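[1] Could you work out the structure for the sequence below:
(chains A and B)
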Amino acid sequence: MTFPQGRSARAWAALAGAALLLFAVAPLALSDFRLGLFAKYLCIAMVAVGICLAWGRGGLLTLGQGVFFGLGGYAMAMHLKIADAGPGNLPDFMQLYGTATELPWWWRPFANPVVALAATVLLPMAVAALLGSFVFRRRVKGAYFAILSQALAAAFALWLIGQQATTGGTNGLTDIQGFFGYDLDDPVNQRTVYFIIAAALLLLIVVARQLIHSRYGELLVAVRDSEERVRFLGYDPANVKLVAYVVAAGMAGLAGALFVPAVGIISPAMIGIVPSIEFVVGAAVGGRASLAGAVLGAVGVAWARTALSEEFPAAWTYFQGLLFVVALAFLPGGIASLAGTVRRRRADRRGTTALTTGEAA
Amino acid sequence: MTVILGQTFTGISIGAVLLLIALGLSLTFGQMNVINMAHGEFIMAGAYTTYVLQKSIAGAGISLLVALPVAFLVSGALGALLEWLLIRRLYLRPLDTLLVTWGVSLMLQQLARDVFGAPNVQTRAPERLTGNITLIGGADPLTVANSRLFILGLAVAAVASLALTLRLTPLGRRIRAVVQNRDLAEVSGISTARVDRTAFFLGSGLAGIAGVALTLVGPIGPTMGTNVIIDAFLVIVVGGIGQLRGTVIVAFVLGVLQSVLEYSTTVSVAKVLVLVAIVAFLQWRPQGLYTLRTRSLV
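    The predicted model follows:
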């Protein structure tokens, strides 16, 4: 049993390196503006950690992570909007439309900071649990599950747009100024938000790693590769999948909640079909089954997007499409699998084939 | 009474559009098990073909009639090209086809934006299709737009041709053979690679026809594919994969459901309620309305 210990030691060393990079190097090397952008990428990476778990390890291609990201984001933004407005006042956009004379009943719980914070994670998890328990028990899987989750994202975005008076419609909840009593315009407070995000990402990586290397993690991969065999062994694959889906939803919810103070806005444009698929892009390009691959891929693709789309918006779209086609058609394990391939060049390729056939089953 | 009839007919015409956009998918997704997210962009290609033809041919009526076969060929060729370039490498990984073709759809959308511009464009409907037909006269008349009737006719014709092709022609027999047992078809001397490509050509060509029909009911733009693709997939999933019958029935049922719910709530709430109904339906029949009975444990 020396190998897992060696691997574990290497992983902890990598984590310490990442912590050093996030907490010491990045804040020193980046301007306030760039650090703000970086915080945004780290939020996307948090979603990717969940996707790595659900899709990479569990084979559940969820194209609806935007829903959970949005639920977390809106829960946080609703609280911040109420806090910004001050006691007894309505959030600015509701006053503007003038249709509501008091807070809608479903806004009221979010006035309480503890309830709102808990809801950012628990609300997405509850929705995922509800949908997942329906869908997995009836053995809806593969493409069916992917399409249903995508339809959910489309419906949620549409619903938000339709409820203009209480959700801000297409504009979403904008112009968020305070964060639990701190002014978000102050660069010092923005930096604090960055540190919170970096810490949250590291925490999620540790949680995901512990899950992956537990007995549950083995079971999850087993379900991905051969669900029927796991069933015959006496486990219920539905429960195994449900846990991965719910945990991934919670992670996306937390990411959405922290995205709000970092960017100052949450809107349907960040949670519909297109953003939901884009969450998957980074993880796929980096390597869906490897935590490091998914996280680095998410940050890398988000960074490339800013770098390229600032200069050439059209070129970026072509590049993004091409990246997807090349990474998935010719490199199913993502860039992370290249490192592995190089490392065991002479070993047989059973590892990558297992991943591929697992997807097909 | 007229209200109910009116809503039902609106539902039927929504259903006809749904049927047209889902019909090609029932071949590529249902029969070939390929999740082609670029299908929406093939629909867009058909719509832009109509737009280009109308610019170059005088007379909206003639250009629309010319557009039908041309759009079929344009979208079909795009589909066959996609199959040859990418999809034939991915038949064993259906979930990856979803993401790969989504990359393709991104590129096609951008291409449309670069060629035709980001704003939506509009075609003129032919004169014959602009009016209404009165089905029930009197004080509370029930009228139906001619263009909606044309789309309904087009949908019926497309379904009939596809069903007859699959059932009666040698090509249809080969497609069904490959779907039912690829290995056995291969050893019987059927070139499965060629059958795959032909089926893809047909399915994508039907997307082109749907695109022509969509020009009659809405604007043409780079994002029109994304807007319809989910609906199309839902129709197939609920109808049962590879089941033409299921696709037809479900398209009309969802159309009427959508129309009735829209009447009593709002468009966006109706969409959400339709989705809830679909999830509930899949609890009852996880494999869709019609399923091929097999001994497989999946």
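[2] Could you list the low-pLDDT ranges of the stretch 151-298 of chain B?
    For the stretch 151-298 of chain B, the stretches flagged by pLDDT under 70 are B:292-298.
[3] What of chain A?
    In chain A the weaker segments, taking pLDDT under 70 as the threshold, are A:1-7, A:97-100, A:340, A:343-361.
[4] Output the contacting helices and strands for the longest helix belonging to chain B.
    Ranked by number of residues, the top helix in chain B under DSSP state H is helix B:60-85. Helix B:60-85 is packed against helix B:39-56, helix B:192-214, with contacts defined by 3 or more Cβ pairs under 8 Å, 6 or more residues apart in numbering or on different chains; DSSP states H and E. All C-beta spots, glycine's among them, are computed from the backbone N, C-alpha and C.
[5] Serialize these to JSON lines and add fields for mean neighbour count.
    Written out in JSON lines, the entries for the helices and strands packed on helix B:60-85 read as follows (neighbours: other Cβ atoms under 10 Å in any protein chain shown):
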{"stretch": "helix B:39-56", "mean neighbour count": "25"}
{"stretch": "helix B:192-214", "mean neighbour count": "25"}
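[6] So which of those helices is nearest chain A?
    Across the helices and strands packed on helix B:60-85, the minimum distance to chain A, taken as Cβ to the nearest Cβ, is reached by helix B:39-56, at 10.5 Å.
[7] Quick one: check the closest one for contact with chain A.
    No - looking at helix B:39-56 against chain A by Cβ under 8 Å from any Cβ of the partner chain, there are no contacts, and the closest approach is 10.5 Å.
[8] Tell me, how many residues neighbour the residue nearest to residue A:275 when sequence neighbours are not counted?
    Residue nearest to residue A:275 in three dimensions, not counting chain neighbours: residue A:66, with 4.9 Å by Cβ to Cβ, 6 or more residues apart in numbering or on different chains. In terms of burial, residue A:66 registers 32 neighbours under the definition other Cβ atoms under 10 Å in any protein chain shown.
[9] Am I right that residue A:66 sits in a helix?
    Yes - assessed with DSSP: H, G, I helix; E, B strand; the rest coil, residue A:66 lies in a helix.
[10] ok, back up a step: residues of the longest helix of chain B that come out buried?
    Using 16 or more other Cβ atoms under 10 Å in any protein chain shown as the burial criterion, the residues of helix B:60-85 that qualify are B:60, B:63-64, B:66-68, B:70-72, B:74-80, B:82-83.
[11] Could you identify the helix or strand that succeeds that helix?
    helix B:94-116 (DSSP states H and E).
[12] What residues does the residue nearest to residue A:275 make contact with?
    Neighbouring residues of residue A:66 by Cβ atoms under 8 Å, 6 or more residues apart in numbering or on different chains: A:153, A:156, A:157, A:270, A:271, A:272, A:273, A:275, A:276, A:279.
[13] Equivalent analysis for residue A:202, please.
    Listed by Cβ under 8 Å, 6+ apart, the contact set of residue A:202 reads A:15, A:18, A:19, A:22.
[14] between those, which is closest to chain B?
    Nearest to chain B, judged by Cβ to the nearest Cβ, of those is residue A:18 at 26.9 Å.
[15] now that closest one, nearest residue through space, not along the chain?
    In space, not counting the residues next to it along the chain, residue A:18 is nearest to residue A:202; the distance is 6.8 Å by Cβ to Cβ, 6+ apart.
[16] buried residues in the strand or helix carrying the one you found?
    In the assignment (DSSP H and E), residue A:202 maps to helix A:187-212. Using 16+ other Cβ under 10 Å as the burial criterion, the residues of helix A:187-212 that qualify are A:189-190, A:193-194, A:197-198, A:200-202, A:204-205, A:208-209, A:211-212.
[17] Please apply the same query to stretch A:217-228.
    For stretch A:217-228, a neighbour-count test (16+ other Cβ under 10 Å) marks A:217, A:219, A:220, A:221, A:222, A:223, A:224, A:225, A:226, A:227 as buried.
[18] Make TSV out of the residues you listed and add secondary structure and distance to chain B.
    Formatted as TSV, the entries for these read as follows, by DSSP: H, G, I helix; E, B strand; the rest coil; distance: Cβ to the nearest Cβ, whole Å:
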residue	secondary structure	distance to chain B
A:217	helix	21
A:219	helix	19
A:220	helix	16
A:221	helix	16
A:222	helix	16
A:223	helix	13
A:224	helix	11
A:225	helix	14
A:226	coil	10
A:227	helix	8
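[19] what does stretch A:288-304 contact?
    A:14, A:40-42, A:44-45, A:47-49, A:51-52, A:55-57, A:201, A:205, A:208-209, A:212, A:279, A:281-287, A:316, A:319-320, A:323, A:333-337, A:355.
[20] Excluding chain neighbours, what is closest to the closest residue to chain B within the stretch 251-361 of chain A?
    In the stretch 251-361 of chain A, the residue found nearest to chain B is residue A:324; the distance is 3.0 Å by Cβ to the nearest Cβ. Excluding its sequence neighbours, the residue lying closest to residue A:324 (Cβ to Cβ, 6+ apart) is residue B:103, at 3.0 Å.
[21] Residue B:277 now?
    residue B:257 (6.6 Å).
[22] Residue A:120 too?
    Nearest-residue entry for residue A:120: residue A:257, 3.6 Å, with adjacent residues in sequence omitted and distances by Cβ to Cβ, 6+ apart.
[23] from what I can see the one you found touches residue A:78, true?
    No - with contacts counted by Cβ atoms under 8 Å, residue A:257 stays clear of residue A:78, the gap being 10.8 Å.
[24] neighbour count winner among those two?
    When residue A:257 is set against residue A:78 and neighbours are counted by other Cβ under 10 Å, the residue ahead is residue A:257, at 30 against 25.
[25] Please give the element, helix or strand, for the more buried one.
    When secondary structure is defined using DSSP H and E, the element that contains residue A:257 is helix A:237-263.
[26] helices or strands next to the helix or strand just after that helix in the packing?
    Tracing the chain past helix A:237-263, the next element assigned as helix or strand by DSSP H and E is helix A:273-286. Applying 3+ Cβ pairs under 8 Å, 6+ apart, we find helix A:273-286 packed against helix A:32-51, helix A:65-85, helix A:143-162, helix A:291-311, helix A:313-330, helix A:334-343, helix B:94-116, helix B:224-239.
[27] And for residue 186, the neighbour number?
    Picking chain A for this. Burial of residue A:186, expressed as a neighbour count using other Cβ under 10 Å, amounts to 11.
[28] um, chain B though
    Tallying neighbours of residue B:186 according to other Cβ under 10 Å, which is how burial is gauged here, yields 15.
[29] Next one: whichever residue of the stretch 101-250 of chain B sits closest to chain A from residue A:280, what distance?
    When you check the stretch 101-250 of chain B against chain A by Cβ to the nearest Cβ, the closest residue turns out to be residue B:103, at 3.0 Å. The spacing between residue B:103 and residue A:280, counted by Cβ to Cβ, to the nearest Å, is 11 Å.
[30] What residues does the stretch 51-200 of chain B have near chain A?
    The stretch 51-200 of chain B has residues B:86, B:89-90, B:92-96, B:98-100, B:102-107, B:109-110, B:113-114 near chain A, with proximity defined as Cβ under 8 Å from any Cβ.
[31] ChimeraX command to pick out the buried ones of those?
    Listed next is the ChimeraX selection for buried residues among these, using 16+ other Cβ under 10 Å:
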select /B:86,90,93,94,95,96,98,99,100,102,103,104,105,106,107,109,110,113
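[32] give me the element the nearest residue to residue B:261 once chain neighbours are set aside is part of.
    Residue nearest to residue B:261 in three dimensions, not counting chain neighbours: residue B:270, with 3.8 Å by Cβ to Cβ, 6+ apart. Secondary-structure element containing residue B:270, defined by DSSP H and E: helix B:267-284.
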